[in-house]
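A.B. asks: The sequence and its predicted three-dimensional model are supplied below.
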Amino acid sequence: MEKKQWTTIDLLRYSRHDWLNKMQLIKGNLDLNKPDRARLIMEEIILEANNEARLSSLDMPNMAELLLTANWMEYSYSVEFEVIGIDHGCQSADENISRWTSRFLNKLSTSLSLLHENTLKITIMQIEGKIRFSFDIQGKIEKNNELLLHLNQDQHENLEIEIEETNETELVFHVWAEGKNNDKVENTAQDESKDVSKL
């Protein structure tokens, strides 16, 4: 699948649709006299917005675009992501990791059951000077062997893949990305309660 070329109208339309869905969830719970549930949804929205802001600040525009628009694609799963303790990404690794991830997302979509609720969570963090992208797939994996074959064959000299768990309902692995020597990966303590408007 070729990279989707988003127009400004596309971005506005999908973004508006997402926010309308969230507002309707809040309104629906308030109408049902469930303020605690509405408050929880609002907290989830703030957390999601904070992660989007952190992702956008990593100086990895290709990877950011890929993840920010992933749920607008017709994948057989939903995508969540979290950025932990990184203030600055690795620009020279951006093209390699984003292209690799794009190929994997397409392969994953054809490997999961359409009859189950499938989720992919990607956690981005910095360990020992490298950026680690952790992929956690939960759902019904119909073509687990094909996925593992893809991971073993689709290698890149600047990416290191480490498989942690694999079965019919879960696949967990890590991709370590290392940039050029002049890249600087900064690790900072993030305040999870920080208001998104201040990011």
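C.D. replies: Received it, and whenever you're ready, just let me know what you need.
A.B. asks: Put the alpha carbons of the lengthiest helix in the chain into CSV.
C.D. replies: If you go by DSSP state H, the chain has its longest helix at helix 8-31. What follows is helix 8-31, C-alpha atoms only, in CSV (Å, rounded to 0.1, in the frame of the first residue of the first chain):
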residue,chain,number,x,y,z
THR,A,8,-5.7,19.8,4.0
ILE,A,9,-9.4,19.1,3.5
ASP,A,10,-8.8,15.4,4.3
LEU,A,11,-7.0,16.3,7.6
LEU,A,12,-9.7,18.7,8.6
ARG,A,13,-12.5,16.3,7.8
TYR,A,14,-11.0,13.4,9.7
SER,A,15,-10.0,15.5,12.7
ARG,A,16,-13.5,17.1,12.9
HIS,A,17,-15.0,13.6,12.8
ASP,A,18,-12.8,12.4,15.7
TRP,A,19,-13.6,15.4,17.9
LEU,A,20,-17.4,15.2,17.2
ASN,A,21,-17.3,11.5,18.3
LYS,A,22,-15.6,12.4,21.5
MET,A,23,-17.9,15.3,22.2
GLN,A,24,-20.9,13.0,21.6
LEU,A,25,-19.5,10.5,24.0
ILE,A,26,-19.2,13.1,26.7
LYS,A,27,-22.7,14.5,26.0
GLY,A,28,-24.3,11.1,25.9
ASN,A,29,-22.9,10.2,29.4
LEU,A,30,-24.0,13.5,30.8
ASP,A,31,-27.5,13.0,29.4
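A.B. asks: in that helix, what's buried?
C.D. replies: Leu25, Ile26, Asn29 (16 or more other C-beta atoms under 10 Å). Just so you know, the C-beta spots here come from the backbone N, C-alpha and C atoms, and that holds for glycine as well.
A.B. asks: Quick one: classify the residue with the largest distance to the centre of the chain as helix, strand or coil.
C.D. replies: Centroid-distance maximum for the chain: Asn33 at 33.0 Å, with C-alpha atoms, centre = their mean. In the three-state summary, Asn33 is assigned as coil, counting by DSSP: H, G, I helix; E, B strand; the rest coil.
A.B. asks: and the longest helix of the chain, what other elements does it pack with?
C.D. replies: helix 35-56 (3 or more C-beta pairs under 8 Å, 6 or more residues apart in numbering; DSSP states H and E).
A.B. asks: buried set for the helix it packs on?
C.D. replies: Buried residues in helix 35-56, counting neighbours by 16+ other C-beta under 10 Å, are found at Ala38, Ile41, Ile45, Glu48, Asn50, Asn51, Glu52, Arg54, Leu55, Ser56.
A.B. asks: ok and the following helix or strand past that helix relative to helix 8-31, angle-wise?
C.D. replies: Using DSSP states H and E, the next helix or strand after helix 35-56 towards the C-terminus is helix 61-68. Angle, helix 61-68 to helix 8-31, by axes from the mean of the first three to the mean of the last three C-alpha atoms, to 10 degrees: 40 degrees.
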